[in-house]
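In: let me see the structure of the following:
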Amino acid sequence: MKKQHVLDEIGRTAVLNGGIVLGRERFFQETGIKESDWLGKFWARWGDAVKEAGFVPNKLNAPLEETALLESYIALIRELGYLPVVSELKLKARQTSGFPSHNTFRKFGNKAQQIKKLIEYCENKPSYADVLEIARASEPADAEVPTDANSRDETSGFVYLLKANRYFKIGRSNSFERRSRELAIQLPERAETVHVIRTDDPIGIELYWHRRFESKRKNGEWFELNTQDVKVFKRRKFM
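Out: Take a look at the predicted model:
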C-alpha cells in the first residue's frame, strides 16, 4: 500500500461525500483500505492523514453530538419498527451516507444503557411516543443493566440454543456455563446444548432470533423448530 494512494482515496471519497472527509471506518467500507495499511506506517492517527490530504478533520466524527446521534437511531427504529441489532446498524451506515458508524452508538454504553438513554430522550416528548413504546418493550430487567462505567463492552455475551424433548430454548447470558447450571436445576429433564453464538450485543441478538422464529414460539423463550431452523442458527459463530 502506497502512501499517495491512501491520500488520493481520502480526497476522492471526501469529494463524493460533499466535501466532508469520511471517518476511518466508513473510509475502509468505501475503499477497502484497512487501518493496518496506514496506521503506524504513514501516520500515527487518522487526523494526521486527513490534514496531509489537505482537509480539516471532520469534528462531527469525533464524536457526533448526542442529539444528532439519537435522532439517527430513532429514524432507523421507525424505519424498522424495532430496535436495530449491530448488523443492521452496520448495514445502514454502509447504505446511507452520513449515518453514524455502529461503533459511535457505544458512546451511550452497552445495549441496555443505549435503551435507557433512548427512553430518557423520548420521555415527555409526545411526538416520540411510538419510539418510547418500542424502547420500553425492549428494556431489560434492572438486574441486567450494568452500573459500572467500565462494563460498557459486552464482548463476553452469548445467545444459546438448547433442546429439551421436542422444544428449543433461545436465551442469552454473559456466562453460558453458569446459565447452563441454572437451567439444569430448573428443568425437569436434561437440556442438550445445540449451539452457542458469541456476541457483543446479547440483548439485540436474542431479540433478533426470537422475532425470526416468532411464528414457532410455544411459550416464552421456547420454540418448536425444524431441522432447517436449527441449521440456520448453527451457521452463526458470532453476531
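In: okay, and residue 211 sits in which element?
Out: If you go by DSSP states H and E, residue 211 is part of helix 202-212.
In: burial of the closest residue to residue 194 other than its chain neighbours, as a residue count?
Out: Leaving aside its sequence neighbours, residue 194 sits nearest to residue 161 (Cβ to Cβ, 6 or more residues apart in numbering; 4.3 Å). Using the backbone N, CA and C atoms, a C-beta is placed for each residue, glycine as well. When neighbours are counted by other Cβ atoms under 10 Å, residue 161 registers 21.
In: and residue 161, what does it touch?
Out: By Cβ atoms under 8 Å, 6 or more residues apart in numbering, the residues touching residue 161 are 168-170, 193-196, 230, 233-234.
In: nearest to residue 130, of these?
Out: Proximity of the contacts of residue 161 to residue 130 (Cβ to Cβ) peaks at residue 170, which lies at 26.7 Å.
In: pLDDT value on that closest one, please?
Out: Listed pLDDT for residue 170 reads 90.
In: next SSE after the helix holding residue 211?
Out: As assigned by DSSP H and E, the chain's next helix or strand after helix 202-212 is strand 217-219.
In: outline the domain layout of the chain.
Out: 3-61, 66-144, 157-234 (automatic domain parsing).
In: so for the second one, mean pLDDT?
Out: Looking back up the chat, that one is domain 66-144. The average pLDDT for domain 66-144 rounds to 82.
In: how far out from the middle of the chain is that domain?
Out: 10 Å (Cα atoms, centre = their mean, to the nearest Å).
In: same deal with stretch 223-238?
Out: When C-alpha coordinates are averaged (Cα atoms, centre = their mean), stretch 223-238 and its chain have centres 21 Å apart.
In: what residues are up against the residue nearest to residue 103 when sequence neighbours are not counted?
Out: What sits nearest to residue 103 in space, not counting adjacent residues and going by Cβ to Cβ, 6+ apart, is residue 25, at 6.6 Å. Counting by Cβ under 8 Å, 6+ apart, residue 25 touches 93, 101, 103.
In: restricted to buried residues, select those residues in PyMOL.
Out: The PyMOL command for the buried members of those (criterion: 16 or more other Cβ atoms under 10 Å) is given here:
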select buried, resi 93+101
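In: the contacts of residue 25 in strands, which ones?
Out: If you go by DSSP state E, those have nothing in strands.
In: just the closest of the contacts of residue 25 to residue 77, please.
Out: Taking Cβ to Cβ as the measure, residue 77 lies nearest residue 93 of the contacts of residue 25, at 15.0 Å.
In: I figured that closest one hits residue 102, correct?
Out: Yes. Taking Cβ atoms under 8 Å as the definition, residue 93 is a contact partner of residue 102 at 6.3 Å.
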